[in-house]
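> predicted model and sequence follow; I will ask about them next.
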Amino acid sequence: MSYFFVLVFFFAGFSTAYRITKNFKNEKLFILYRWVFWRTKLNLEFSDYISVFHASFVSRNEEDGSESRFKKWVVRFFKDNRFFTILEEDDYDIALKKANELSELLEVEIYDRSKE
């Protein structure tokens, strides 16, 4: 029973984040209750542009075969025909703010697909 509690406690507070820097020495951060306990180098190609768009996702429950569909705003770096997803967010304003911050930091253009 105590192992279960430890696992629940760990996963309830666990998250990951990306640290993107102007010199592009990027990191992936592993966070437990707002404390960074591990960081690794994040190998990314410098982006040609940043895209913000609305995407549909499907989550499948393997036990009963049910599906749930949901939409999120996505922020991606694009280099040629390759991409890296930086953020998936429910709130458009938060996604656009993050894209604008990254665009300013890296001096790359944003394609905001919400206008289409």
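It's in. Note that this is a predicted model, so its numbers are computed, not measured.
> now do the helices in the chain.
Taking DSSP state H, the helices of the chain run over residues 2-12, 92-106.
> identify the residues contacting the residue nearest the centre of the chain.
The centre of the chain sits closest to Leu87, judged by Cα atoms, centre = their mean, with a distance of 2.7 Å. For Leu87, the contact set (Cβ atoms under 8 Å, 6 or more residues apart in numbering) comprises Trp73, Val74, Val75, Ala95, Lys98. For every residue, glycine as well, the C-beta is placed using N, CA and C.
> let's see that with 7 Å instead.
Val75, Ala95, Lys98 (Cβ atoms under 7 Å, 6 or more residues apart in numbering).
> which pLDDT value goes with the second one?
Model confidence at Ala95, given as pLDDT, is 96.
> quick check, nearest of the contacts of Leu87 to Asp64?
Ala95 (31.7 Å; Cβ to Cβ).
> return the set of buried residues in stretch 72-86.
Of the residues in stretch 72-86, Lys72, Trp73, Val74, Val75, Arg76, Phe77, Phe78, Phe84, Ile86 count as buried by neighbour count, 16 or more other Cβ atoms under 10 Å.
> partners of the residue nearest to the last one when sequence neighbours are not counted in the sheet?
The one in question is Ile86. Closest residue to Ile86 apart from its sequence neighbours, by Cβ to Cβ, 6 or more residues apart in numbering: Val75 at 4.6 Å. Beta-bridge pairing of Val75 under DSSP bridges involves Val52, Leu87.
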